[in-house]
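Undergrad: Dropping a prediction and its sequence here:
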Amino acid sequence: MNFHTRKWVKPEDLNPNGTLFGGSLLRWIDEEAAIYAIVQLGNQKVVTKLISEVNFLSSAQQSDIIELGITATAFGRTSITMRCVVRNKITHKNILTIERMVFVNMGPDGKPAPHGKTEICYTHERISRELSQTEQTE
């Protein structure tokens with residue numbers, strides 16, 4: 001699992017107990033997962049379909065740096081399923097896990113649309129493919 005996004009826990013992110021508010025963390029996860037789905041499916045129109053059980057394992061304190069890890073686990077005809085782990089950047093202690101997050105690829109009509117993807121595609125692979133396709137057409 002790759003951990004690309006980091007967040008700094010600030011006072012406005014805290015709950016009355018002085019720890020990271022779960023709602024703030026879930027907002028960050030949903031946004032990061034949407035970005036991941038957009039990049040993987042090549043479409044800016046995706047929607048959150050499902051977020052499975054959220055397992056809070058430990059808390060984060062003010063000034064902690066946390067990192068979000070998301071990876072695709074399955075591709076459906078119109079969907080992508082991902083797994084998420086959030087951990088403390090310094091201690092690597094897990095803060096939260098989500099086993100299933102499902103995003104649906106939407107067409108111009110606002111309805112689910114096939115995306116044609118079957119495996120994770122990393123940016124450098126996509127760029128290499130696009131360059132080789134451009135060279136072949138020239």
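TA: Looks like it arrived, so ask away. Keep in mind it's a predicted model, so treat the numbers as computed, not measured.
Undergrad: CA only for contacts and neighbour counts going forward, please
TA: Noted.
Undergrad: any idea how far the residue nearest the centre of the chain lies from Met82?
TA: Relative to the mean C-alpha position of the chain, the nearest C-alpha, by C-alpha atoms, centre = their mean, is the one of Ala33, at 2.3 Å. As for Ala33, its distance to Met82 is 8 Å (criterion: C-alpha to C-alpha, to the nearest Å).
Undergrad: Mutual contacts of the two, please.
TA: Between them, Ala33 and Met82 have Ile70, Met101 as joint contacts when contacts are counted by C-alpha atoms under 8 Å, 6 or more residues apart in numbering.
Undergrad: which stretch of helix or strand covers the residue nearest to the centre of the chain?
TA: Secondary-structure assignment from DSSP states H and E places Ala33 in helix 22-41.
Undergrad: For that helix, enumerate the helices and strands it packs against.
TA: Contact here means 3 or more C-alpha pairs under 8 Å, 6 or more residues apart in numbering; DSSP states H and E; on that basis helix 22-41 packs against strand 46-51, strand 65-75, strand 79-88, strand 94-105.
Undergrad: circling back: residue contacts, the residue nearest to the centre of the chain?
TA: For Ala33, the contact set (C-alpha under 8 Å, 6+ apart) comprises Ile70, Met82, Met101.
Undergrad: what pLDDT does it get?
TA: Ala33 is assigned 97 on the pLDDT scale.
Undergrad: go on, Ile120?
TA: Residue-level confidence at Ile120 comes out at 82, pLDDT.
Undergrad: And it, how far from Ile70?
TA: Following C-alpha to C-alpha, the distance that separates Ile120 from Ile70 is 12 Å.
Undergrad: Can you tell me how far the residue nearest to the centre of the chain is from Leu68?
TA: If you measure Ala33 against Leu68 using C-alpha to C-alpha, the figure is 9 Å.
Undergrad: returning to what we had before: can you list the contacts of Ala33 in TSV and add neighbour count and distance to Asp64?
TA: Conversion of the contacts of Ala33 to TSV gives the following (neighbours: other C-alpha atoms under 10 Å; distance: C-alpha to C-alpha, whole Å):
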residue	neighbour count	distance to Asp64
Ile70	22	20
Met82	21	25
Met101	24	25
